[in-house]
Structures are given as structure tokens and as C-alpha cells.
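Asks: Sequence below, structure please.
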Amino acid sequence: MSLPEVSQEPILHIDSTPDIYYPLRILMAYRENCNCKFVSDLDNEVVRLMNEANERRALLLDKAIELLDSHICEIRV
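Replies: Have a look, this model is predicted:
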């Protein structure tokens, strides 16, 4: 079985410069990939569940990004 089409191309590569922002770039790329919605012409329960899981992942990543970003801000000061 193949996966359905997605609404946008996922991010496959990030800047891997080993600096203080590297973990944040990873999380932000994963977060952006949560915006890739699976698309189906049919009323497909599996596609709906996959998109809902993406939305839940996005919420978790938003919180992790917020926490890490605030921690990085403390380090920079």
C-alpha cells in the first residue's frame, strides 16, 4: 500500500552546523513537516487519523520549541 499525496513537500534536510541552535532547527523542521496534510479524494478514515496524529504532534512540538527557545535565550544572555 502506498501513502496518499501530501499537501506540501516535507523538509528533508536542515542546516547541521553544530551550534546552540541545531536542536531547535531539528524541532522546527519536524514541526513544519506537521503542516504536510495527507490528501485523499475519498472520505478515508485512515487519512483522517493520520492528519489528526500530525496535529497532535504539532502541539507537542510547539511546546518543545517554546521551551527550548526560552532556554537558548537564557544561555545567550
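Asks: ranges for the strands of this structure?
Replies: Along the chain, counting by DSSP state E, strands occupy 5-6, 38-39.
Asks: Quickly, which of those bottoms out on average pLDDT?
Replies: Here the strands of the chain differ in mean pLDDT, and the lowest is strand 5-6 at a mean of 85.
Asks: Give the pairing partners of that strand; include direction for each.
Replies: Strand pairing for strand 5-6, determined by DSSP bridges: strand 38-39 (antiparallel).
Asks: Report the spatially nearest residue to the residue nearest in space to the middle of the chain, omitting neighbours in sequence.
Replies: The chain has residue 31 as the residue nearest its centroid, 2.1 Å off, counting by C-alpha atoms, centre = their mean. Residue nearest to residue 31 in three dimensions, not counting chain neighbours: residue 61, with 4.2 Å by C-beta to C-beta, 6 or more residues apart in numbering. (C-beta placed from N, C-alpha, C; glycine too.)
Asks: Am I right that the one you found is in contact with residue 34?
Replies: Yes - look at residue 61 against residue 34 with C-beta atoms under 8 Å: they come within range, at 6.5 Å.
Asks: Good, wrapping up.
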